[in-house]
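*Asks:* Let me see the structure of the following:
(one chain, ligands or ions: 1)
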Amino acid sequence: MRFENKVALITGAAVGIGRAAALCMAQQGASLALLDMDAAALQAVVEECRQLHVQAECWTCDISDEDRVKQVVSAAEERFGKIDILVNNAGIWRCFTSFLDTPSETWRRYFDVNVLGTANVTRAVLPGMVRRQYGRIINVASVVGVYGKTNMAQYAASKAAIINFTQSLAREVAGLGIRVNCVSPGTVSTSENPDIDFTESMEKCYMQRTGSARENADLICWLAGDESCYLSGQNILLDGCRKII
Ligand SMILES: NC(=O)c1ccc[n+]([C@@H]2O[C@H](COP(=O)([O-])OP(=O)(O)OC[C@H]3O[C@@H](n4cnc5c(N)ncnc54)[C@H](O)[C@@H]3O)[C@@H](O)[C@H]2O)c1
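*Replies:* Residues are numbered from 1 along each chain as shown. Got it, this is the predicted structure:
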């Protein structure tokens with residue numbers, strides 16, 4: 001199996017893309033350390049993974065809390081002995097207001113979670129990867145981090161930062177057996193988003209449909225596996241051929 005004897009830590013694993021990535025890796029034999037703020041939903045994903053006959057544990061954690069992140073990562077390393085794969089998926093995005101209607105506190109929270117949170121988890125996990133000269137880091141950004149988006153400026157800017165973080169970190173660690181790549185989903189229609197009307201988003205892509213969490217998970221798994229071994233520092237847009245508008 002592709003991820004036999006591999007340990008993956010996934011943030012935001014309770015729902016959506018993070019949950020799909022956990023299940024996809026579990027199906028391919030990975031042991032899983034799962035993080036999220038939603039304890040109940042996270043526990044349910046752990047149970048689903050265990051039913052696939054892999055080891056899975058979870059920790060409730062707000063990734064913007066650096067001390068908690070350090071605690072949780074060292075607990076995961078103690079439990080599993082190592083972390084081979086890190087999927088920085090946790091993020092916030094459900095705020096649709098014009099720039100002038102978006103207060104600086106909202107900007108601060110988006111950067112605290114999406115940017116500093118990703119950096120916090122990476123800073124905690126990376127030393128072990130450097131010691132073992134092996135690591136696969138996959139960040140989840142967004143097409144809006146490349147194209148921009150009206151009424152989501154703070155989100156788009158935070159995801160642009162993640163894309164550049166990917167490119168920069170990849171260059172720092174390329175000689176250490178560590179690859180860093182980024183997946184930028186277009187619109188993902190998960191069952192967790194019944195509140196959002198995706199009609200406009202579907203019109204924005206030539207395939208005229210939203211992507212699925214599983215399609216994103218498949219790409220994440222490919223980036224974590226050996227088939228992509230010459231690829232690092234890249235941002236892959238999984239967006240059904242989005243129109244640039
Ligand atoms: N759904 C989409 O259309 C879409 C499109 C592009 C990018 N993305 C990105 O994909 C990622 C996953 O999004 P999704 O829509 O699959 O899931 P989601 O937004 O529904 O859920 C994200 C998960 O992250 C967790 N989370 C949020 N803040 C956290 C924090 N501070 N600490 C720990 N966990 C936290 C939430 O509890 C939740 O379980 C996000 O980074 C998002 O920005 C999503």
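*Asks:* which secondary structure element contains the residue nearest to residue 221 when sequence neighbours are not counted?
*Replies:* Once flanking residues are discounted, residue 221 sits nearest to residue 24: 5.0 Å by CB to CB, 6 or more residues apart in numbering. The C-beta positions use only the backbone N, C-alpha and C, and glycine is treated the same way. Using DSSP states H and E, residue 24 sits in helix 16-27.
*Asks:* Which strands or helices does that helix pack on?
*Replies:* Contacts defined by 3 or more CB pairs under 8 Å, 6 or more residues apart in numbering; DSSP states H and E place helix 16-27 against strand 7-11, strand 31-36, helix 39-50, strand 85-88, helix 213-224.
*Asks:* So what's the gap between the first one and the chain middle?
*Replies:* Here the centre of mass of C-alpha atoms in strand 7-11, compared against the chain's by CA atoms, centre = their mean, to the nearest Å, lies 10 Å away.
*Asks:* Next, the angle from that strand to strand 31-36.
*Replies:* Counting by axes from the mean of the first three to the mean of the last three CA atoms, to 10 degrees, strand 7-11 lies at 10 degrees to strand 31-36.
*Asks:* List the pairing partners of strand 7-11 within its sheet, with orientation.
*Replies:* Here strand 7-11 is paired, per DSSP bridges, with strand 31-36 (parallel), strand 85-88 (parallel).
*Asks:* surely the residue nearest to residue 221 meets residue 219?
*Replies:* No: Residue 24 is beyond contact range of residue 219, at 9.8 Å (criterion: CB atoms under 8 Å).
*Asks:* and the longest strand seen in the chain, how far out from the chain's middle?
*Replies:* If you go by DSSP state E, the chain has its longest strand at strand 178-185. Chain-centre distance of strand 178-185: 9 Å, with CA atoms, centre = their mean.
*Asks:* Contacts for that strand, please.
*Replies:* 17, 126, 129-130, 133-143, 145-146, 159, 162-163, 166, 169-170, 173, 211, 216, 219-220, 223, 228-229, 231-239 (CB atoms under 8 Å, 6 or more residues apart in numbering).
*Asks:* So which of those belong to helices?
*Replies:* 17, 126, 129-130, 145-146, 159, 162-163, 166, 169-170, 173, 216, 219-220, 223 (DSSP state H).
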